[in-house]
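Enquirer: With the input below, show me the fold.
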Amino acid sequence: MRSASYNKLRRQGRRGAIVVLVAISLVAVLTFVALTLDGGGLMERRRQAQSTADAAALAAAEDLFRRYPTNKGLDPQGTAVARARTVAHLNGFTNNGTNSTVTVRVSPETYQGGPNAGQVLPAGYTEVTVQYNQPRFFSALLGSGNIPIRARAVARGKWEPSHIGIHVLDLHRSGSLNATGESFGTVAGASVIVNS
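Expert: So this is what the prediction gives:
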């Protein structure tokens with residue numbers, strides 16, 4: 001027969017083990033909650049950064065395209081870069097170097113990322129990189145410092161010959177291009193496009 005003091009010690013030992021298991025489980029659950037909450041915020045900010053990079057690259061490419069007859073796809077006055085930075089700023093990426101950084105590259109600079117990293121951007125092309133430094137909230141329990149979120153976009157604003165011989169744009173009428181009688185036409189080295 002065991003003594004009452006032995007049974008009492010045994011129950012206290014179990015209570016101590018349960019407290020340790022609850023503490024470990026609580027830490028694990030809080031870690032998953034922190035990762036879930038901060039992870040959702042990171043995904044949303046990544047989507048915003050990519051949308052901003054896309055819009056900024058398109059704004060710069062539109063400027064390069066508009067000035068192509070004069071500048072041949074280059075940006076000597078910096079208007080394409082300025083337009084891209086303005087679009088990024090309007091989308092909340094202020095390029096202050098602390099919260100966000102917006103980098104705009106045009107020819108003859110080199111690609112910073114992607115499959116052509118290190119190669120010279122062709123005339124008429126632009127590359128925009130947006131970085132946002134996301135502060136930690138709940139995940140500060142797991143680490144310190146901001147989490148960098150990066151997005152990149154490339155756009156082209158270049159004039160090129162289209163090599164279209166005949167292009168019919170009547171979308172609402174069937175048979176917009178007709179040949180009757182003994183009429184004929186020759187299109188050499190170009191396409192015939194009928195959008196009807």
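Enquirer: what's stretch 184-191 in contact with?
Expert: 163-166, 179 (Cβ atoms under 8 Å, 6 or more residues apart in numbering). No exception for glycine: its C-beta is placed from N, CA and C like everyone else's.
Enquirer: can you tell me the helix or strand for the most centrally placed residue in the chain?
Expert: Centroid-nearest residue in the chain: Gln50, 2.2 Å away (criterion: Cα atoms, centre = their mean). Under the criterion of DSSP states H and E, Gln50 resides in helix 4-66.
Enquirer: I'd like to know which elements that helix is packed against.
Expert: Contacts defined by 3 or more Cβ pairs under 8 Å, 6 or more residues apart in numbering; DSSP states H and E place helix 4-66 against helix 79-90, strand 100-106, strand 125-134, strand 147-156.
Enquirer: Could you single out the most deeply buried of the ones you listed?
Expert: strand 125-134 (a mean of 23; mean count of other Cβ atoms under 10 Å).
Enquirer: could I get that one in CSV with only the CA atoms?
Expert: This file holds the C-alpha atoms of strand 125-134, laid out as CSV (Å, rounded to 0.1, in the frame of the first residue of the first chain):
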residue,chain,number,x,y,z
TYR,A,125,12.2,49.5,-72.8
THR,A,126,11.8,50.3,-69.1
GLU,A,127,12.2,48.3,-65.9
VAL,A,128,10.6,49.3,-62.6
THR,A,129,11.4,47.8,-59.3
VAL,A,130,9.3,48.6,-56.2
GLN,A,131,10.4,47.6,-52.7
TYR,A,132,8.3,48.1,-49.6
ASN,A,133,9.7,47.4,-46.1
GLN,A,134,6.8,45.8,-44.3
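Enquirer: how far is that strand from where the chain is centred?
Expert: Remark: strand 125-134 is offset 8 Å from the chain centroid, using Cα atoms, centre = their mean, to the nearest Å.
Enquirer: go on, stretch 160-175?
Expert: 34 Å.
Enquirer: and what of stretch 108-124?
Expert: With Cα atoms, centre = their mean, you get 17 Å for stretch 108-124.
Enquirer: that older thread, check what pLDDT the residue nearest to the centre of the chain gets.
Expert: Gln50 carries a pLDDT score of 95 in this model.
Enquirer: Next: Pro135.
Expert: So Pro135 comes in at 79 (pLDDT).
Enquirer: Identify the residues contacting it.
Expert: Going by Cβ under 8 Å, 6+ apart, Pro135 touches Asn146.
Enquirer: now it: how far from Ser144?
Expert: Using Cβ to Cβ, to the nearest Å, Pro135 is found at 11 Å from Ser144.
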